[in-house]
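Colleague: Just to be clear, the model below is a prediction. Sequence and coordinates:
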Amino acid sequence: MTAALRFDPIRLPPECEQLRKEVRAFLAEEIAAGTFDPHQPNREDTDAPEFSRRVGAKGWLGMTWPKKYGGHERSFLERYVVTEEMRVANAPTRRFFVADRQSGPVLLKYAPENIKMDILPRICRGEVCFAIGMSEPNSGSDLFAAKTRATKTDGGYLINGTKIWTSSAHIADYMIAIFRTSPPTKENRRHGLTQFLVKMKQPGIEVNPIQQITGQYEFNEVVFTDFFVPEDHVLGEVDGAWKQATSELAYERSGPERFLETYYVLTELVRAVGNNPDTRSAEGIGRLVAQLHTMRRMSVSVAGMLQAGKEPVVEASIVKDIGTVWEQALPHRVRDLAAFVEETATNRETLENQLSFAIKTAPKLTIQGGTTEVLRGIIARGLGLR
Amino acid sequence: MRNAVAESENIVAETAEKIFADLADAQTINRDKNGAWKAPLWQALSESGLPLSWVPEDCGGSGASLAEGFSVLSAAGRFAVAVPLAETMLAGWLLAQAKISSPDGEMTVAPASPKDRITLNADGSLSGKARGVPFAKAAKHIAVVAGDAKGLSIALVEAAKCRIDSGLGLGGDHSDTVTFDKVQPVTTKPAPKGFEQTHLMLMGGVARSLQIAGALESMLEISVRYSNERVAFEKKISKFQAVQHNLARLAGESAAALAAATSAADAIANATSFNDEVFLEAVSAKIRCSEAAEKGGGIAHQVHGAIGFTSEHILHRYSLRALGWRDDFGSESYWAVELGRLVANRGADELWPLVASR
């Protein structure tokens, strides 16, 4: 047999249901208080510092981390519940999402103790925003072509070069970035990159906005000019960032955010067709719900395997591949069905506005966080083809 | 506790796997045009008690759990087993719902389509027509859901007393039309309170989902193996990125089918009733696995090229059966309409709570 894929039928433990109720109640209060409108995913207020602090105060950031760093030592499955409820409600999670999912775990693993004690509790309180500095103008999917240099200097490194497509860099307090500390070797072209913690909002860093086709502003170009990073901000092995990247991918790639990004159009379609749909609408909705349910069961299964200490890298890549292709197609399938919605449907305008935004969002979904092509390469390697 | 259960599931599934490996090897079966392999396989399965897995011991069965039985069906799918094992298991399960003992030998169930109805007449006989009944021609008995004004009953019928018009499914296995023309059953008992014909369709649908998922696992395995052997343009075809990406998509379809089917099986095995959540699980599995059979099977054939299109090659044993299984106990488009109506009826704001219920 080829290395068999595993998707155990993980069920969420009972404590998750209580937590889900709490999250729903909290979000309902926030919506009632006017913090955000769940029907307006295309709003400008996705950065909501006060909301972030209230989520932190609830104990829903750094949920799985050790208590001594401000974490709550809860399970990945509990974190999963919080993440999916926030996503489905279109809550403004931009300020804390990257730190909670990705940057915090990297710091936990590779940062020196003093930095962990300083930053992790602030992430848990929802006070700090992180960006990820991977892509460069000539290095996107091909991560190991990165050229931004970190040159050794007294007590640290001097950074020169440009990162691009950096989401949230304009509001971020920190960035976790990879910089070139040595040239690649003949034997290993992945050699020579090092992961760094960068404190943003300082001289030597210039953040330039890049407008997106949705009309939103998330992307930036970040230019470093003789920017100083102290020695203790090196994360992990010098020249060895490539060894550190893969195990985190399972966390980054399999979560509910990988298939729920355009979910709101499905809810709105169901509202628009009403209680007694014609056969075509019913069939279309039924298929989409079956596909959604399957995606979620796959994603929960990976979360369960992570909780059990496994590293389901191939399974996680499959979740992101299928999930992002699905959420990309979803607005188009909903549009197909929306053609049959009665003119009198009360939410017609909301549905049309949402569709317009979701269709514009769709192209990025199979690019961000690892393109479909990169994912299929990883899956192919897992199958023993490469 | 959970581990103990998982372990016994493994023992039952391993027993099945071993029998299939010894007596249902795809290459051997594919070469045997006379079907001489069928009798020894069925005998070995019967001796191990597998066909009556879901029948309690006091009804003549081996009293395995639902979960154990489902794991047998996954294995049966991996071997694309072409004897009425799933059908006999379902029949035994159905009869046990009304505490009717299971006889020896091959069985099947009717109706096998959600739109067919069998009537229980005042004189105790059955009337009606059931289409697409798998393996009716090979069955000694048929377990039937029949209705009258008072409600549903479950009946055990001798197959010989019915008119059976032969048909063949895509995989070449019998898929027959069974006509009940005032047929007197061996036994008839009222179905338990709350039982619906839909429950049989959902059980059958989950069985087929597990079989499709199993067949896709095997299609992935043999496609990967073939791509690592076949040389074209002076290299193994597994080294072409286009082929790699196709196989990655096949892995994705196989994974989706596996996840949907095992999740639904787990949901039914642990459910106290066939509620909306179980309905979502069961029909989603049937819908998604059927879609995967088309997409995944298509890729497996594409990777194999012309050789996979020959009857000599084993690929069709998996690909055509997986496609054929889509039609049993309600097709994916039938269930999509039903699921869509359920979702619409519950209303937009109840969709997410349903999806996130487990």
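Modeller: Everything's here; your move.
Colleague: what about the chain, any weak spots by pLDDT?
Modeller: Using chain A here. Using pLDDT under 70 as the threshold, the predicted model of chain A has low-confidence ranges A:1-3, A:43-46, A:246-250.
Colleague: Please refer instead to chain B.
Modeller: For chain B, the stretches flagged by pLDDT under 70 are B:1-9.
Colleague: Tell me which residue is most central in it.
Modeller: Central residue of chain B (CA atoms, centre = their mean): residue B:208, 2.6 Å from the mean position.
Colleague: Isn't it up against residue B:325?
Modeller: Yes. Here residue B:208 reaches residue B:325: they are 4.4 Å apart, a contact under CB atoms under 8 Å. (Each C-beta comes from the backbone N, C-alpha and C, glycine too.)
Colleague: what's the neighbour count on residue A:316?
Modeller: The number of residues packed near residue A:316 is 26, by other CB atoms under 10 Å in any protein chain shown.
Colleague: Just read off the phi/psi values of it.
Modeller: Reported as degrees, to the nearest 10, the phi and psi values for residue A:316 are phi -60, psi -40.
Colleague: Identify the residue of the stretch 101-250 of chain A closest to chain B, quick one.
Modeller: The minimum distance from the stretch 101-250 of chain A to chain B, using CB to the nearest CB, falls at residue A:141 (13.2 Å).
Colleague: isn't that residue right up against residue A:371?
Modeller: Yes. Taking CB under 8 Å as the definition, residue A:141 is a contact partner of residue A:371 at 5.2 Å.
Colleague: quick one: contacts for the closest residue in space to residue B:24 that isn't next to it in sequence?
Modeller: Taking CB to CB, 6 or more residues apart in numbering or on different chains, and ignoring the residues beside it in sequence, residue B:24 has residue B:79 as its nearest neighbour in space, at 5.0 Å. Neighbour list for residue B:79: B:20, B:21, B:24, B:26, B:214, B:218 [criterion: CB atoms under 8 Å, 6 or more residues apart in numbering or on different chains].
Colleague: Identify the residues contacting the last one.
Modeller: By CB under 8 Å, 6+ apart, residue B:218 lies in contact with B:77, B:78, B:79, B:80, B:318.
Colleague: State the distance from it to residue A:362.
Modeller: Using CB to CB, to the nearest Å, we find residue B:218 at a distance of 34 Å from residue A:362.
Colleague: ok, now the fifth one?
Modeller: As defined by CB to CB, residue B:214 lies at a distance of 34 Å from residue A:362.
Colleague: of these two, who's got more company?
Modeller: Taking residue B:214 and residue A:362 together and counting by other CB under 10 Å, residue B:214 has the greater number of neighbours (25 against 19).
Colleague: which secondary structure element contains that one?
Modeller: Assigned by DSSP states H and E, residue B:214 falls within helix B:197-229.
Colleague: List the buried residues for that helix?
Modeller: By neighbour count on 16 or more other CB atoms under 10 Å in any protein chain shown, the buried set for helix B:197-229 is B:197-224, B:226-227.
Colleague: next structured bit after the helix or strand that contains residue A:123?
Modeller: Residue A:123 is located in helix A:113-124, with elements delineated by DSSP H and E. Read in the C-terminal direction, the helix or strand following helix A:113-124 is strand A:130-133, with elements assigned using DSSP H and E.
Colleague: Report the strands that pair with that following strand, each with its relative direction.
Modeller: Partners of strand A:130-133 in the sheet, by DSSP bridges, are strand A:174-180 (parallel).
Colleague: CA atoms only: put the strand it pairs with into PDB for me.
Modeller: Taking Å, rounded to 0.1, in the frame of the first residue of the first chain, the C-alpha atoms of strand A:174-180 are listed here in PDB:
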ATOM      1  CA  TYR A 174       5.700  42.600  14.600                       C
ATOM      2  CA  MET A 175       6.700  40.500  11.600                       C
ATOM      3  CA  ILE A 176       8.100  37.000  11.500                       C
ATOM      4  CA  ALA A 177      10.200  37.100   8.300                       C
ATOM      5  CA  ILE A 178      12.800  35.000   6.600                       C
ATOM      6  CA  PHE A 179      16.000  36.700   5.500                       C
ATOM      7  CA  ARG A 180      19.100  35.500   3.700                       C
END
